[in-house]
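**Student:** Sharing a model that was predicted from the sequence below.
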Amino acid sequence: GAVVSQHPSWVICKSGTSVKIECRSLDFQATTMFWYRQFPKQSLMLMATSNEGSKATYEQGVEKDKFLINHASLTLSTLTVTSAHPEDSSFYICSARDLLAASGYNEQFFGPGTRLTVL
Amino acid sequence: RKEVEQDPGPFNVPEGATVAFNCTYSNSASQSFFWYRQDCRKEPKLLMSVYSSGNEDGRFTAQLNRASQYISLLIRDSKLSDSATYLCVVNPGRRALTFGSGTRLQVQP
């Protein structure tokens, strides 16, 4: 299957700092990438849909000014957690849809996730 | 009401046992259904899609009942390596997926 990478795989930062997480599709192009967040023992919750060349679409309750998403190319989307606080500590996972996949609609591939800990 | 509901478990079963997981979804317009597997501190990985006619992949059998909005996963002859959290996943018509909170399975020797 297609490969999606995320960087960094884990990060520890002080409260008030900003953290950037990169999501890359390594061997395919993705017009759409999705950002999820998962708290311990909870399900993945969609935060936003990242569209190449346009603004991201945020889910209800997700602050767009706090979670900045940039999707500048068909293979890269970034999520920046601005002024991070301890309650932002979570597992952030991106997924990407293969533009050219034969099965099309539901062919999504997940990155390995980024574990963020805010002290 | 959650969009996708699962029994969180944990299900503790001996090796070789048969175990079944159930899931219900609230959006009757949902178009696609999946079971994903997630190991601790890892990303979810697609286990299998679920079709109305039911489908089987080795020891795994998935069933969908659209009328009842119910999805199931049956694992036969459980292996130690099956220990993981199993996520019921629904595509409600958007391109993003909606995840259940998962059912944890622990297969014991």
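**Tutor:** All right, it came through fine.

**Student:** okay, and the helix or strand of chain A with the least pLDDT?
**Tutor:** Taking mean pLDDT, DSSP states H and E as the measure, chain A has strand A:108-110 as its least confident helix or strand, at a mean of 85.

**Student:** okay, now B:D39: neighbour count?
**Tutor:** 12 (other Cβ atoms under 10 Å in any protein chain shown). In short, each C-beta sits where N, CA and C put it, glycine included.

**Student:** ok, now how distant is it from A:S18?
**Tutor:** To A:S18, B:D39 is 30 Å away according to Cβ to Cβ, to the nearest Å.

**Student:** Give me the residues contacting whatever helix or strand comes next after the least confident helix or strand of chain A.
**Tutor:** Using DSSP states H and E, the helix or strand that follows strand A:108-110 towards the C-terminus is strand A:114-118. By Cβ atoms under 8 Å, 6 or more residues apart in numbering or on different chains, the residues outside strand A:114-118 that reach it are A:6-15, A:19, A:21, A:81, A:84-93, B:41.

**Student:** What parts of chain A come near chain B?
**Tutor:** A:32, A:34, A:36, A:41-46, A:49, A:91, A:93, A:95, A:97, A:105-106, A:108, A:110-113, A:115 (Cβ under 8 Å from any Cβ of the partner chain).

**Student:** for stretch B:27-47, how far is the first residue from the last?
**Tutor:** 22 Å (Cα to Cα, to the nearest Å).

**Student:** outside of that stretch, which residues touch it?
**Tutor:** Looking at what lies outside stretch B:27-47 - Cβ under 8 Å, 6+ apart - the contacts are A:44, A:91, A:93, A:105-106, A:110-113, A:115, B:3, B:25, B:48-50, B:57, B:60, B:62, B:64, B:66, B:69, B:71, B:73, B:84-93, B:97-99, B:102.

**Student:** What sits closest to residue 62 if chain neighbours are left out?
**Tutor:** Going with chain A. A:M47 (4.9 Å; Cβ to Cβ, 6 or more residues apart in numbering or on different chains).

**Student:** Chain B was what I was after
**Tutor:** Nearest non-adjacent residue to B:A62 (Cβ to Cβ, 6+ apart): B:V50, at 4.2 Å.
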